[in-house]
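*Asks:* Sequence plus the predicted model coming up.
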Amino acid sequence: MASNQPKKLLAFAGSLRKDSLNRKLIAYVAKEAEAAGAEVTVLDLNDFPLPIFNEDIETEGMPAKVRELQSILARHDGLLISTPEYNGAVPALVKNTLDWLTRKQANGDSGIELIKGKVVGIVSASPGALGGLRSLLLLRDQLAKLSMWVAPAQFALGQADQAFDEQGALKDGNQVKQIKAVVQQVIDF
Ligand SMILES: Cc1cc2nc3c(=O)[nH]c(=O)nc-3n(C[C@H](O)[C@H](O)[C@H](O)COP(=O)(O)O)c2cc1C
């Protein structure tokens, strides 16, 4: 049944870099989602420094930041992710964050229970011509394997180092349309 409640979306970029193009892109996507009626929380993954996943660490005690991230995710209906492409693939930061999220929650349920069924919109940014498209395809596949509903529309921003104006908006109206399409599919889901 359709709900009149605004969709609550959790947005993050898969880069820790201060001047990250993906941080710029996710900030822009978040603004578009808010303009379309969603409530968006933009996370900075610098605030969630997680070790490289190691089962020994969770045996010793789940890092508090994993618990915090899981409880934030639990309060949202879906995700917006902007990912860089590293060597033709999804950066370790994105994979590592997802791997930790899938682990056992404080209530004993698998983290996969928390993730599955949520909707996700994916975008990427790169100074290269393809805009990180290969990373997007791999991310889509991985999120679908976690039983997320990945919006069919996606957007890879090529030449991203030249794409934004001083206010952080995309200069090209056609690119704006493509972002709106991703956002709308996530909201309509
Ligand atoms: C280890 C590494 C591998 C990279 N591999 C790719 C690549 O395969 N394709 C691509 O388009 N850009 C690649 N790049 C360039 C990134 O797209 C660029 O650094 C981008 O700005 C990173 O995203 P960010 O600005 O959000 O940090 C790579 C960068 C690094 C550091």
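*Replies:* Yep, it's here. Numbering: from 1, shown residues only.

*Asks:* Quick check on the most centrally placed residue in the chain: phi, psi?
*Replies:* Nearest to the geometric centre of the chain sits residue 81, at 1.8 Å (CA atoms, centre = their mean). In terms of degrees, to the nearest 10, the main-chain angles of residue 81 are phi -130, psi 130.

*Asks:* looking at the sheet around it, what are its partners?
*Replies:* Taking DSSP bridges as the rule, residue 81 bridges to residue 12, residue 122.

*Asks:* That one touches residue 121, doesn't it?
*Replies:* Yes: counting by CB atoms under 8 Å, residue 81 does reach residue 121; the two are 7.5 Å apart. No exception for glycine: its C-beta is placed from N, CA and C like everyone else's.

*Asks:* Return the residue of the protein that is most distant from the centre.
*Replies:* Distance to centre of the chain, CA atoms, centre = their mean, peaks at residue 60 (28.4 Å).

*Asks:* quick one: that residue from residue 178, how far?
*Replies:* Residue 60 sits 45 Å away from residue 178, going by CB to CB, to the nearest Å.

*Asks:* State the mean pLDDT of stretch 79-91.
*Replies:* Mean pLDDT, stretch 79-91: 98.

*Asks:* Now the terminal residues of that stretch, how far apart.
*Replies:* 17 Å (CA to CA, to the nearest Å).

*Asks:* Do any residues in that stretch lie close to the ligand?
*Replies:* Yes: judged by CB under 6 Å from any ligand atom, stretch 79-91 comes into contact with the ligand at 84, 85, 86, 87, 88.

*Asks:* Now that we have those residues, which of them are buried?
*Replies:* Burial by neighbour count, 16 or more other CB atoms under 10 Å: within the residues of stretch 79-91 next to the ligand this picks out 84, 85, 86.

*Asks:* Any chance of a markdown table for these, columns secondary structure and distance to residue 94?
*Replies:* A markdown table is the format used below for these (DSSP: H, G, I helix; E, B strand; the rest coil; distance: CB to CB, whole Å):
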| residue | secondary structure | distance to residue 94 |
| --- | --- | --- |
| 84 | coil | 8 |
| 85 | coil | 10 |
| 86 | strand | 9 |
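
*Asks:* so which of those residues would you say is closest to residue 52?
*Replies:* For those, the residue nearest residue 52 by CB to CB is residue 86; the value is 14.8 Å.

*Asks:* hang on, that closest one packs against residue 138?
*Replies:* No: the criterion here is CB under 8 Å, and residue 86 misses it with residue 138 at 10.8 Å.

*Asks:* Now the common contact residues for the two.
*Replies:* Here residue 86 and residue 138 share no contacting residue, scored by CB atoms under 8 Å, 6 or more residues apart in numbering.

*Asks:* Tell me the residues of the chain that contact the ligand?
*Replies:* So far as CB under 6 Å from any ligand atom goes, the chain lies against the ligand at 15, 17, 20-22, 84-88, 125-128, 130, 132.
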